[in-house]
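Peer 1: coords please:
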Amino acid sequence: MEHNGIAFSCNICGSHNDVPASSIHRELTVCTNCRSCARFRGVVKAIQQFVLEESSVPLMQEPARAGVRGIGMSDWPGYADEFARIFDFQNTYYHMEPFLDVTDATSAARYRDLDFVISSEVLEHVKAPVTKSLQNIFDMLKPGGVLVLTVPYLEGYEPIEHYPHLHEFEIVKTGTSYSVVNKRPDEAIEHLVNPRFHGGPGAVLEMRVFGEGDLFSMLRYVGFSEIHDLPPTDAEIGYFWEGGVESLLWRGRRTKSHVLVCRKAAT
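Peer 2: Presented below is the predicted three-dimensional model:
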């Protein structure tokens, strides 16, 4: 889709922005004031629509809402700090307190009866099976609670699992190259080359790219009764998440990756 540029009002800080066509992208359409990207504004839009009951006030002007509980997973501080002001909210981390390993039921059990959970660009980095992490998130939510989810996913059903047999592994650097060394349950050692990282080599290993059908099936399997995907364009807040073919590995499938809101049944 071609654009001639847009003007938008940031739904986080309320600032007016004029963005040229060359900057219209889900990660590059940045607010000049608060520095939010389109993905962050999409997450906030989901909270405004499904938790704050269609609030149209910029997040930084939103009054406190007593009794609403939520958590994030290594969320961007620009909106996480505002959520902590508005709600009873914690931004959790894998590597420090407040700690959450979403793959581990004991760790997840520290968080219960939540009105919402935000998991943005996290589940593509957890070991298979993803249903274990989704079940833990589902169990955190109170009846009627919502998961705001973003992950990379493609049109079609099948996911692309980079490491389906990952067990005990480490990331090894040799010269300027990296590899994943995996010890399988049968003690066999695998050397897996050309790993993909998000946030720099060795920081966050990409385990998979989801397929839309498989992702939605897993969400329904663990118990989510409603799954809403936000429209890929909301020009008023500068939100763009357009489809495109970005990798030969994807076999020509278009990326979707819209913000998803998954609701646990109220009863």
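Peer 1: pretty sure residue 80 belongs to a helix, no?
Peer 2: Yes. Assigned with DSSP: H, G, I helix; E, B strand; the rest coil, residue 80 falls within a helix.
Peer 1: now the strands for the stretch 51-200 of the chain?
Peer 2: 69-73, 88-92, 114-120, 141-150, 153-154, 160-161, 168-174, 177-183, 189-193, 197-198 (DSSP state E, counting those that start in this stretch).
Peer 1: Of these, which stretch is the most buried?
Peer 2: Of the strands of the stretch 51-200 of the chain, the one with the most neighbours on average (mean count of other Cβ atoms under 10 Å) is strand 153-154, at a mean of 26. C-beta: built from backbone N, CA, C; applies to glycine.
Peer 1: mind checking how far that one is from the chain centre?
Peer 2: Computed by Cα atoms, centre = their mean, to the nearest Å, the chain-centroid distance of strand 153-154 equals 13 Å.
Peer 1: which outside residues touch that strand?
Peer 2: 160, 209-212, 215, 250, 253-257 (Cβ atoms under 8 Å, 6 or more residues apart in numbering).
Peer 1: Tell me, how many residues neighbour the residue nearest to residue 25 when sequence neighbours are not counted?
Peer 2: Sequence neighbours aside, residue 240 is the residue nearest to residue 25 in space, at 6.5 Å (criterion: Cβ to Cβ, 6 or more residues apart in numbering). Residue 240 sits with 25 neighbouring residues when counted by other Cβ atoms under 10 Å.
Peer 1: Name the spans of the stretch 101-250 of the chain whose pLDDT lies under the cut-off.
Peer 2: 199-203, 242-246, 248 (pLDDT under 70).
Peer 1: what ranges do the helices span in it?
Peer 2: With helices called from DSSP state H, counting those that start in this stretch, the stretch 101-250 of the chain shows them at 105-108, 130-140, 212-222.
Peer 1: Report the distance from the shortest one to the chain centre.
Peer 2: Looking back up the chat, that one is helix 105-108. Centroid separation for helix 105-108 versus its chain: 19 Å, with Cα atoms, centre = their mean.
Peer 1: Burial-wise, tell me which of the helices of the stretch 101-250 of the chain comes out on top.
Peer 2: helix 130-140 (a mean of 21).
Peer 1: May I have that helix exported as CSV, CA atoms only?
Peer 2: The C-alpha coordinates for helix 130-140 follow below in CSV (Å, rounded to 0.1, in the frame of the first residue of the first chain):
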residue,chain,number,x,y,z
VAL,A,130,4.2,-22.6,23.1
THR,A,131,0.9,-24.0,24.5
LYS,A,132,2.7,-24.3,27.9
SER,A,133,3.3,-20.6,28.1
LEU,A,134,-0.1,-19.7,26.7
GLN,A,135,-1.7,-21.9,29.4
ASN,A,136,0.3,-20.2,32.1
ILE,A,137,-0.9,-16.8,30.8
PHE,A,138,-4.5,-18.0,30.6
ASP,A,139,-4.3,-19.2,34.2
MET,A,140,-3.0,-15.7,35.4
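Peer 1: what does it rub up against?
Peer 2: Identification of contacts with helix 130-140 by Cβ under 8 Å, 6+ apart yields 71, 102-105, 108-109, 111-112, 114, 117, 119, 123, 126, 147, 208, 218-219, 221-224, 264.
Peer 1: what do you get for stretch 198-214?
Peer 2: When contacts are defined by Cβ under 8 Å, 6+ apart, stretch 198-214 is touched by residues 121, 123-128, 130, 151-163, 166, 171, 173, 178, 180, 195-197, 249-250, 256.
Peer 1: from what I can see residue 182 touches residue 190, true?
Peer 2: Yes. Residue 182 lies in contact with residue 190 (Cβ atoms under 8 Å); the separation is 4.4 Å.
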